[in-house]
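Asker: This is the structure alone, sequence omitted:
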C-alpha cells in the first residue's frame, strides 16, 4: 500500500528478458505449459529490475494457473517510442464479470490459489514507472488474454 519507490537502473532489454524468462521457465516446464519469449527492437531501458521482474512473474503465474497442459504463454519485448511488453496466452480469457475490475485488489476468478492482488500490484508498479498496463480478452477468438505494458524508456 502506498507509493512504490523505484531503484532505476539502465539494463539491456534482451538480456533482462532472457534472464527473467529463464527464471520462470522451470515452473512452466514442470506444469507441462509452454513459455516463449521474443525480442523485437533491443536497446537499453531504465527500469527497477526487481519490480519489473515481479510484474513478469505475476502475469506469468496468472497465465500458467489457467492454461491447460500444453498451453502457451508468450512474452514479447521491444523498444519503440517506449518499452513495450506484451504478454499473451491461449487460456480461457478474462471472464466478462471481472474485466472491469481486473486491476483492482481482490479481483480473481477461475484459479485454485491467489488473493487477487497480483494484477493490482502489476498496475501499481507500472504506473510508478510512468507507464500503463491494459488487457484484452481474446476469449471470443478462442485465444486467451493479452496484457500490454508500455513504459517510457
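Answerer: Noted; the coordinates are in hand. Bear in mind that the values here come from a model prediction, so they are computed numbers and not experimental data. Numbering: from 1, shown residues only.
Asker: in the protein, which residue is closest to the centre?
Answerer: With distances taken as Cα atoms, centre = their mean, residue 59 lies nearest the centre of the chain, 3.5 Å away.
Asker: And that one, what's its pLDDT?
Answerer: Model confidence at residue 59, given as pLDDT, is 94.
Asker: Same question for residue 129.
Answerer: pLDDT, residue 129: 96.
Asker: Run through the helices of the protein in chain order.
Answerer: Counting by DSSP state H, the chain has helices at residues 13-30, 49-66, 96-99, 118-128.
Asker: Need the residues that contact the first one.
Answerer: I take that to be helix 13-30. Identification of contacts with helix 13-30 by Cβ atoms under 8 Å, 6 or more residues apart in numbering yields 34-35, 37, 39, 42-45, 47, 49, 52-53, 56-57, 60-61, 64, 73, 75, 77-79, 83. In short, each C-beta sits where N, CA and C put it, glycine included.
Asker: Next, the angle from it to helix 49-66.
Answerer: 30 degrees (axes from the mean of the first three to the mean of the last three Cα atoms, to 10 degrees).
Asker: isn't the residue nearest to the centre of the chain right up against residue 148?
Answerer: No - counting by Cβ atoms under 8 Å, residue 59 stays clear of residue 148, with 10.7 Å between them.
Asker: which neighbours do those two share?
Answerer: residue 87.
Asker: give me the number of residues near residue 8?
Answerer: Residue 8 is flanked by 12 other residues according to other Cβ atoms under 10 Å.
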